[in-house]
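# what's the 3D shape of this:
(2 chains)
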Number of protein chains: 2
Amino acid sequence: MIAKTPKTPYYAVIFTSIKLKDDDNYNLMSKKMMDLAKLQDGFLGVESARGEVGITVSYWKNLESIKKWKFNIEHSEAREKGRSIWYDAFKVRICNVEHDYEFEK
Amino acid sequence: MIAKTPKTPYYAVIFTSIKLKDDDNYNLMSKKMMDLAKLQDGFLGVESARGEVGITVSYWKNLESIKKWKFNIEHSEAREKGRSIWYDAFKVRICNVEHDYEFEK
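From the prediction side, this is the model:
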């Protein structure tokens, strides 16, 4: 759902991807990485949706926590598989969330 | 597809939403706003996907261009309809994209 993030500032990593193919292994790996990310220091939440492109936005306390997650061994191996097997293209954007607001009925 | 954005820094607006209902008017309005956004000064690109939540990320040259788009009259009217008719909840995050990288096969 919509991530419950703390007061700004915090960080967002926008991961936009186009998949070559979808298979059970992808879905398993995707779930595994989501579960693992949630255990990391500084992880604040995640939102994900897929249409023509997939967009996953993960939220982090600071750049340090993003860097640690990037160098996590299991995550690095998963990214390597992503490049070689599943993704046709992707873009990663590291962002400082300066301001946010919300609406709820 | 994946937005072709210029060298960092630039800005991203992450719009995450949960819809109450979907109708033809929503889809028409959504397309109209997308077309209108593309005409604005400082607009750099947009990516969108929908699953349990919808995520639309639009990219902008600077805060000034985001503010101008926010106060565009047609866009303001569309947002008002969004609050009253279509959305159960949404969150908007204004972000400074500090760093990005990409992969293509």
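# what about the residue nearest the centre of chain A, helix or strand, and which?
In chain A, the residue lying closest to the centroid (CA atoms, centre = their mean) is A:Ser58, at 4.1 Å. Secondary structure assignment for A:Ser58, by DSSP states H and E: strand A:54-60.
# next secondary structure after that strand?
Taking DSSP H and E, what comes next after strand A:54-60 is helix A:63-70.
# A:Arg79: what secondary structure?
Secondary structure assignment for A:Arg79 (DSSP: H, G, I helix; E, B strand; the rest coil): helix.
# can you give me the neighbour number for it?
Under the neighbour criterion other CB atoms under 10 Å in any protein chain shown, A:Arg79 is assigned a count of 17. To be clear about C-beta, it is placed using only N, CA and C from the backbone, and glycine gets the same treatment.
# who in chain A is up against chain B?
Neighbours of chain B within chain A, by CB under 8 Å from any CB of the partner chain: A:1-3, A:5, A:12, A:14, A:16-18, A:20, A:47-55, A:57, A:83, A:87-105.
# quick one, helices of chain A?
All helices of chain A, identified by DSSP state H, fall at A:24-38, A:63-70, A:73-81.
# which among these is found nearest to B:Met34?
helix A:24-38 (27.7 Å; CB to CB).
# in that closest one, what's buried?
A:Tyr26, A:Met29, A:Ser30, A:Met33, A:Ala37 (16 or more other CB atoms under 10 Å in any protein chain shown).
# do the same with stretch A:78-97
A:78-79, A:82, A:86-87, A:89-97.
# test my guess that A:Gly51 contacts B:Val53.
No. When contacts are counted by CB atoms under 8 Å, A:Gly51 is not listed as touching B:Val53 (11.9 Å).
# between these two, who's got more neighbours?
A direct count of neighbours by other CB under 10 Å for A:Gly51 and B:Val53 places B:Val53 higher, at 21 against 13.
# let me see the contact set for that one.
A:Met1, A:Ile2, A:Glu47, A:Ser48, A:Ala49, B:Thr16, B:Ser17, B:Ile18 (CB atoms under 8 Å, 6 or more residues apart in numbering or on different chains).
# can I get the buried part of those as one ChimeraX selection?
With 16+ other CB under 10 Å as the criterion, this ChimeraX line picks the buried residues out of the contacts of B:Val53:
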select /A:2,47,48,49 /B:16,17,18
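# closest one of the contacts of B:Val53 to B:Glu74?
For the contacts of B:Val53, the nearest to B:Glu74 is B:Ser17 (18.8 Å; CB to CB).
# do you know the pLDDT at A:Asp22?
Here the pLDDT value assigned to A:Asp22 is 76.
# excluding chain neighbours, what is closest to it?
Excluding its sequence neighbours, the residue lying closest to A:Asp22 (CB to CB, 6 or more residues apart in numbering or on different chains) is A:Trp86, at 7.8 Å.
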